[in-house]
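*Asks:* I need the structure of the sequence given here:
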Amino acid sequence: MAPQREWFEKDYYAVLGLKKGATEKEITRAYRKLAKQHHPDANPGNKEAEEKFKDISAAYDVLSDAAKRKEYDEVRDMVASGARNPFGGAGAGGFGGPGGGGFGDDIRFETGDIGGLGDLLGNIFGRAGRRQTNRQPGAGPRRGGDLEAEVHLSFDDAVRGATIAVQLTGAAPCHTCGGSGAAPGTVPQTCPQCNGAGTLAVDQGPFSFSQICPRCGGSGRVVDKPCPTCGGGGAETRTREVKVRIPVGVADGQRVRVKGKGTAGSNGGPPGDLYVTVHVAPHALFGRKGNDLTLRVPVTFAEAALGAEVKVPTLDGSVTVKIPPGTAPGKTLRVRGRGMPRAAGGAGDLLVTLDVVVPRTLSDEQRQAVEALAATESANPRAHLGV
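*Replies:* Numbers count the residues shown, from 1 in each chain. Coordinates of the predicted model:
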């Protein structure tokens, strides 16, 4: 891919609020956050937000592609060293002007909307002596953008799983043509002028330029009979309802991906995806740690001291747990397979923490019993404190 004019003029790392050397995860995280903030659907009529969204998308398109990012970094390093921007910027030395040394007569410029560099950059990076033959790809099919949505579930729905209807307003694949842009019963054809390349070569003496094909606008295809609903664009703005299947055992904050339910692609490209963030309401009794459920159960002093069998609730009925004699307050018992169901099958465990209840008031009979117990205790539980 030949470098574009914007590569010289825009710092894509700064656009995403990152520094050079950012990881793929950092790039994706920054893009999703900024895209959601500046998306046209969230800022109707705001031209500034629309332009910002375009810059964010362009930055992500380059930095998320390892090959494009490598070329972009090379170009930016070259600019930082003082070389001239052939699209109008200035720097020390230039690209073949006075003091630049020149590059000979056999130079090919690869151009998109205005121009690219092809062999020119090839010479700079030590690839001189050969004529560039690859062409700048045109504006072919492009994947649509991803969308974000949020849903709120009860704890019980998270346990069982649910199907939730999400309302979305924005660009969507045309319901008549399915996004192809062609009228029903027809399909887009390969552009006869550029043979699907999206660009045309124009020779100017020693120079050879490529430009966007005027027939197809760079898409590489033409629609002879445009769809009457979308006019050939393949997309329409509408409110649509998307059914989202929430898996069993979904956790609070988990994101569910719905493939192909994002914004419509362009020039016959596929639609983006929908990412749904799930918020789960807390349960009145149970807490949660991953796939395990937690439960605090009060027991009497006698039950903890002598041991007992007590019933505890679960998501599906009740179970009996055995309390060993001499159980200390705060001890946790594990009931296997009675926790949160997993989407892949099975379930986590139920973790039962015992709280020993100390009565605030005692009857005369109870007091006498406790005093009798105290009179029989000879060991000092605080002996290790040395006081």
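*Asks:* so who does the nearest residue in space to residue 342 that is not next to it in sequence touch?
*Replies:* In space, residue 342 comes closest to residue 249 once its chain neighbours are excluded; the distance is 5.2 Å by Cβ to Cβ, 6 or more residues apart in numbering. Bear in mind the C-beta positions are built from the backbone N, C-alpha and C, glycine included. Going by Cβ atoms under 8 Å, 6 or more residues apart in numbering, residue 249 touches 158, 159, 161, 291, 340, 341, 342, 343, 347.
*Asks:* neighbours around the fourth one, how many?
*Replies:* Think residue 291. 15 (other Cβ atoms under 10 Å).
*Asks:* wait, what's in contact with it?
*Replies:* 249, 339, 340, 342, 347, 348, 349.
*Asks:* ditto for the second one
*Replies:* With contact set as Cβ under 8 Å, 6+ apart, residue 159 has these partners: 248, 249, 315, 340, 341.
*Asks:* do you know how far it is from residue 293?
*Replies:* For residue 159, the distance to residue 293 equals 10 Å [Cβ to Cβ, to the nearest Å].
*Asks:* likewise for the last one?
*Replies:* Distance, residue 347 to residue 293, by Cβ to Cβ: 9 Å.
*Asks:* tell me if I'm right that residue 72 and residue 61 touch.
*Replies:* No. Between residue 72 and residue 61 there is no contact under Cβ atoms under 8 Å: 10.4 Å.
*Asks:* these two: who's more crowded?
*Replies:* Legend: neighbour count by other Cβ under 10 Å for residue 72 and residue 61, higher for residue 72 (23 against 13).
*Asks:* got the buried residues for the strand or helix carrying that one?
*Replies:* Element membership for residue 72 (DSSP states H and E) is helix 66-80. Neighbour-count burial for helix 66-80, counted by 16 or more other Cβ atoms under 10 Å, picks out 68, 69, 71, 72, 73, 75, 76, 78, 79.
*Asks:* what's the lowest-pLDDT member of these?
*Replies:* Within these, residue 79 has the lowest pLDDT, namely 67.
*Asks:* hmm, back to that, tell me the gap between the helix holding residue 72 and the middle of its chain.
*Replies:* The chain centroid and the centroid of helix 66-80 are separated by 25 Å under Cα atoms, centre = their mean, to the nearest Å.
*Asks:* need the CA coordinates for it. PDB is fine.
*Replies:* Output in PDB follows, covering the C-alpha atoms of helix 66-80 (Å, rounded to 0.1, in the frame of the first residue of the first chain):
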ATOM      1  CA  ALA A  66       0.600  -4.500  11.200                       C
ATOM      2  CA  ALA A  67       1.800  -4.000   7.600                       C
ATOM      3  CA  LYS A  68       0.200  -0.500   7.300                       C
ATOM      4  CA  ARG A  69       1.500   0.500  10.800                       C
ATOM      5  CA  LYS A  70       5.100  -0.500   9.900                       C
ATOM      6  CA  GLU A  71       4.900   1.700   6.700                       C
ATOM      7  CA  TYR A  72       3.300   4.500   8.600                       C
ATOM      8  CA  ASP A  73       6.000   4.500  11.300                       C
ATOM      9  CA  GLU A  74       8.700   4.500   8.600                       C
ATOM     10  CA  VAL A  75       7.100   7.500   6.900                       C
ATOM     11  CA  ARG A  76       6.700   9.400  10.200                       C
ATOM     12  CA  ASP A  77      10.300   8.700  11.100                       C
ATOM     13  CA  MET A  78      11.400  10.000   7.700                       C
ATOM     14  CA  VAL A  79       9.300  13.200   8.300                       C
ATOM     15  CA  ALA A  80      10.800  13.600  11.800                       C
END
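*Asks:* so which of the contacts of residue 291 are in strands?
*Replies:* In strands, judged by DSSP state E, none of the contacts of residue 291 are found.
*Asks:* report the two of these separated the most.
*Replies:* Spanning the widest gap among the contacts of residue 291 are 249 and 349, at 13.2 Å by Cβ to Cβ.
*Asks:* could I get the buried residues of helix 66-80 as a markdown table with distance to residue 303?
*Replies:* What follows is these, written out as a markdown table (distance: Cβ to Cβ, whole Å):
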| residue | distance to residue 303 |
| --- | --- |
| 68 | 68 |
| 69 | 65 |
| 71 | 72 |
| 72 | 69 |
| 73 | 68 |
| 75 | 75 |
| 76 | 71 |
| 78 | 78 |
| 79 | 76 |
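*Asks:* quick one: average pLDDT of the lengthiest helix in the chain?
*Replies:* For the chain, the helix with the greatest residue count under DSSP state H is helix 47-63. Here helix 47-63 scores 87 as its mean pLDDT.
*Asks:* send me that helix as CSV with only the CA atoms.
*Replies:* Extracted in CSV, the C-alpha atoms of helix 47-63 (Å, rounded to 0.1, in the frame of the first residue of the first chain):
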residue,chain,number,x,y,z
LYS,A,47,-20.0,18.1,12.3
GLU,A,48,-17.0,18.4,14.6
ALA,A,49,-17.8,15.0,16.1
GLU,A,50,-18.3,13.5,12.6
GLU,A,51,-14.9,14.7,11.5
LYS,A,52,-13.3,13.5,14.7
PHE,A,53,-14.9,10.1,14.2
LYS,A,54,-13.5,9.9,10.6
ASP,A,55,-10.0,10.7,12.0
ILE,A,56,-10.4,8.1,14.7
SER,A,57,-11.5,5.5,12.1
ALA,A,58,-8.6,6.4,9.8
ALA,A,59,-6.1,6.1,12.6
TYR,A,60,-7.5,2.7,13.7
ASP,A,61,-7.5,1.4,10.1
VAL,A,62,-3.7,2.0,9.8
LEU,A,63,-2.5,1.2,13.3
